[in-house]
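Chemist: Return a 3D structure for these sequence lines:
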Amino acid sequence: MKINLLCLVLVILVISACDSAIEDSINWATPVQENNQAEIYVQETEAAKSSNTDIQTEPTEEPRLLPDNWQAWPVVPEVTTTAREIYRQGVAMGNDPRVFSKIADCQNLKEYFLKKFDHLDLYKFDYRIDDYLDTIENFQGNFDRDGYSTKFGFTAASPLVQFEADPQFCLPGETPLECELRIARPTFVLISMEFPFLNRSADNYERYMRQMIEYIISQGAVPILATKADNTEGDHSINLTIAKLAHEYDVPLWNWWAAAQPLPDHGMDVYRGDFHISQLAWEERSRTFLMTLDHLWKGLKDLN
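Modeler: All right, here's what the predicted structure looks like:
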C-alpha cells in the first residue's frame, strides 16, 4: 500500500493536463545516454560516426538574424550551414529522409496539428495545397502520427524523463526522446513546448532545451525549434530563449509567434485564455509548419 501511494505521488508530481499547472522546482531531466539505445542502433550509429567526420556546428557564413530581434524573424526559416552538416551526417548514419518526429506537448497532437495532410481525400484547404504535394508525399504517414515523445500534459522536462516513456515500445531506461529517435530514425525533429507550468523560468526551459537539441544533433537529425504564440510568462522570455538557442546552435527556427500575430486576437482563444490557441490558429499552425518542412526538405534533400 505504501509503495502504491509513493508511485501515485511521483506520477502526480510530473504528469499534468493542458488545463493545469505543474511545478518546475524539481530537476526531473536526466541526461540522455547513448547506451540506452538498442544495441543495433548504437552499433550502426558508431559505425557511421567512425567513417564520417563529426557533425560541425560552425555558424553560417551568411548574415545572421539576431536573437533580440526574434519577433521580426521570418515564419519560415532558411537552411543553415549546420543544418546541412547534420543532414549529411544523419543520412550517413542511416536516418530515414522520409521521416520527421515531434518532441512536443498537447499543442502538437495529431488530432489538431498536421493530421489532415495524411488524408487529403477527406479535407479541403483554403490555400494551394498543390504547392506542397511532393513534400506531403515524401513524409506520408508522419502527419497523422504522434510518436513516442509527444503527449498531452508534457512539459519541457518530460521528454527527458525515463518513466514518461511508453513501456510497451521503449527500452528499459529510455526516455521518450531516446525512444522516438531510436524507433523513427528521423531526419527532422520539431521541438515545440508551449505548455506553461508553475514557477517556470527561462533558465529552466533553456536547460531542458539544450539537452534535447544536443541529443537530437548527436543522432544526425536536424532540430526545428518553434516559438510559441502566447506570452504567459509576461516578458516573452521563453521565445527569446528559443531564438538564442536557434542562433547559438545555428539550427532552423519556425517562428510560429510571428505567424499568429495577424490572426484575430493574435491566434489566442479568448474564451479559454492562458496558452490555448483558436480554431483558426490551428489551421494556420499546420499550414506554416508544412511550409517550413517543405522549405527545409527541398533545401537539403539533394545534398550528397
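
Chemist: For residue 141, pull up the helix or strand it's in.
Modeler: Using DSSP states H and E, residue 141 maps to neither a helix nor a strand.

Chemist: May I have the residues that are in contact with it?
Modeler: Counting by C-beta atoms under 8 Å, 6 or more residues apart in numbering, residue 141 touches residue 118. (Glycine included, C-beta is placed from N, CA and C.)

Chemist: Quote the end-to-end distance of stretch 107-123.
Modeler: Start-to-end span of stretch 107-123 (C-alpha to C-alpha, to the nearest Å) is 20 Å.

Chemist: Could you list the buried residues of it?
Modeler: Buried residues in stretch 107-123, counted by 16 or more other C-beta atoms under 10 Å: 107-110, 112-118.

Chemist: now stretch 280-300
Modeler: Buried residues in stretch 280-300 (16+ other C-beta under 10 Å): 281-297, 299-300.

Chemist: still on that earlier bit, ok, the buried residues of stretch 107-123 vs residue 133, which is closest?
Modeler: residue 117 (9.8 Å; C-beta to C-beta).

Chemist: so who does residue 222 touch?
Modeler: 83, 86-87, 90, 187-189, 216, 251-252, 296, 300.

Chemist: Max pairwise distance over these: which two?
Modeler: Every pair of the contacts of residue 222 checked by C-beta to C-beta; the farthest is 216 and 300, at 15.2 Å.

Chemist: just checking, residue 229 is part of a strand?
Modeler: No. According to DSSP: H, G, I helix; E, B strand; the rest coil, residue 229 belongs to no strand; its state is coil.

Chemist: If you drop the residues flanking it in sequence, what lies closest to it?
Modeler: Take residue 229 and drop its neighbours on the chain: the residue closest to it by C-beta to C-beta, 6 or more residues apart in numbering is residue 260, 4.0 Å away.

Chemist: neighbours of that neighbour, just the number please.
Modeler: 24 (other C-beta atoms under 10 Å).

Chemist: all strands of the protein, in order?
Modeler: Ranges of strands in the chain, per DSSP state E, are 96-104, 186-192, 222-226, 253-254.

Chemist: Can you say which of the ones you listed is packed in most?
Modeler: strand 253-254 (a mean of 28; mean count of other C-beta atoms under 10 Å).

Chemist: partners of that one, with directions?
Modeler: strand 222-226 (parallel) (DSSP bridges).

Chemist: Mean confidence (pLDDT) on the partner strand, please.
Modeler: In this model, strand 222-226 carries a mean pLDDT of 98.

Chemist: Dump it to CSV, keeping only the CA atoms.
Modeler: C-alpha atoms of strand 222-226 as CSV (Å, rounded to 0.1, in the frame of the first residue of the first chain):
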residue,chain,number,x,y,z
VAL,A,222,18.0,18.4,-37.8
PRO,A,223,16.2,20.1,-34.9
ILE,A,224,13.5,22.6,-35.8
LEU,A,225,12.8,24.9,-32.9
ALA,A,226,9.5,26.8,-32.6
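
Chemist: circling back to that earlier point, of the contacts of residue 222, closest to residue 230?
Modeler: Distances from residue 230 to the contacts of residue 222, taken by C-beta to C-beta, are shortest for residue 252, at 21.4 Å.

Chemist: How many residues are close by the closest one?
Modeler: Neighbours of residue 252 using other C-beta under 10 Å come to 24.

Chemist: Chain neighbours aside, what residue packs nearest to it?
Modeler: Residue 252's closest residue in space is residue 77 (C-beta to C-beta, 6+ apart), at 3.9 Å.

Chemist: Over to residue 74?
Modeler: residue 255 (6.4 Å).
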